[in-house]
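Q: model the structure of this input:
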Amino acid sequence: MNEFQKAKEYLIQKEITHPEIGIVLGTGLSHLLDYVDIKQTIPYTEIPGFCVSTVEFHKGHLVYGTIGNKNVLIMQGRFHSYEGYTMQQIVFPIRVMKLMGVKYLFLSNAAGGINLNFRKADLVLLDDHINLQSGNPLTGKNYDELGSRFPDMNEPYDPVLKNELLQKASELNLDLKKGVYAAVNGPNLETKAEYRYLKIIGADLVGMSTVPEVIAANHLQLPCVAVSVVTDECDPDNLKPVSFAEIIAVAAKADEKLSRLFAETIKEL
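A: Okay, the predicted model is just below:
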């Protein structure tokens, strides 16, 4: 708890006050910043307790500003277990956001499309998830000040926020699909057999992030919602090699749609 407080106090000293909305930007997703009146941009390296984002296209900045009349705190880049970080390190910023006063959490990611009805650059609202990652951010000592020892995960993604996004997508004439996200360790992409397995167990998407943050948010009783950008089609019968550059290019193609959806929804919360 002392580490969380150190980070909170540092951010308050940087004149980050009363943030209402927390946002995590996934791989190749940054256009949302065009909708933000930016007040502060702080490198993670300067914030006590924050890790260094080592992945290309994860900038490693905490951005504070406003979208409409809402104060937002944005993670421009996240941490992953494949970088060698513990689950507790990965969710550290989410816990700090909650202590800063954040009321809602919006998450985004790039994901592989297992559901063959999904196409590259589709936006998919996460309806549920399957956690296949090793470790859990709630393992070890429970911080009673943050949440209960055994948090319920009946609705990990807040129904009200999901409905808000679906309604706004309809108003903006954006096709927002729904699906189940499987979280794996990475960093390698999956084999043909693994894609078949993921489909059998009920996954529509696969990625290497988000779920630890969602578990932490539910522990904190912080309503959260997440949208994936489909960056590659994972058809095991027609599988082709995918490069990271291709994934980034597809994410960039969908970035404007996702950013507009998040920004317009946040303005009306």
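Q: count the residues that sit near the closest residue to G60 other than its chain neighbours.
A: Leaving aside its chain neighbours, G60 sits nearest to S53 (3.9 Å; criterion: CB to CB, 6 or more residues apart in numbering). C-beta here means a position set from N, CA and C on the backbone, and glycine is covered the same way. Using other CB atoms under 10 Å, S53 has 22 neighbouring residues.
Q: what does Q89 give?
A: Residue neighbour count, defined by other CB under 10 Å, stands at 17 for Q89.
Q: renumber starting at 58 from here on
A: Taking 58 as the first residue, the last one we looked at is Q146.
Q: for the helix or strand encompassing it, name the packing helices and strands.
A: Using DSSP states H and E, Q146 maps to helix 144-157. Counting contacts by 3 or more CB pairs under 8 Å, 6 or more residues apart in numbering; DSSP states H and E, helix 144-157 is packed against helix 59-70, strand 78-82, strand 127-133, helix 268-276.
Q: could you dump those to a markdown table with mean neighbour count, mean pLDDT and distance to A226?
A: As requested, the helices and strands packed on helix 144-157 are exported to a markdown table (neighbours: other CB atoms under 10 Å; pLDDT from 0 to 100; distance: least, CB to CB, whole Å):
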| stretch | mean neighbour count | mean pLDDT | distance to A226 |
| --- | --- | --- | --- |
| helix 59-70 | 15 | 96 | 32 |
| strand 78-82 | 25 | 98 | 17 |
| strand 127-133 | 22 | 97 | 19 |
| helix 268-276 | 26 | 98 | 20 |
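Q: which helix runs longest in this structure?
A: In the chain, assigned by DSSP state H, the helix with the most residues is helix 301-324.
Q: and that one, what's its mean pLDDT?
A: Averaged across helix 301-324, pLDDT comes to 93.
Q: angle of that helix against strand 78-82?
A: Inter-element angle recorded for helix 301-324 and strand 78-82: 170 degrees (by axes from the mean of the first three to the mean of the last three CA atoms, to 10 degrees).
Q: other residues contacting helix 301-324?
A: By CB atoms under 8 Å, 6 or more residues apart in numbering, the surrounding residues in contact with helix 301-324 are 78, 80, 83-89, 91-92, 113-114, 124-127, 129, 163, 165, 167, 177-180, 221-222, 225-226, 228-229, 231, 233, 284, 286-289.
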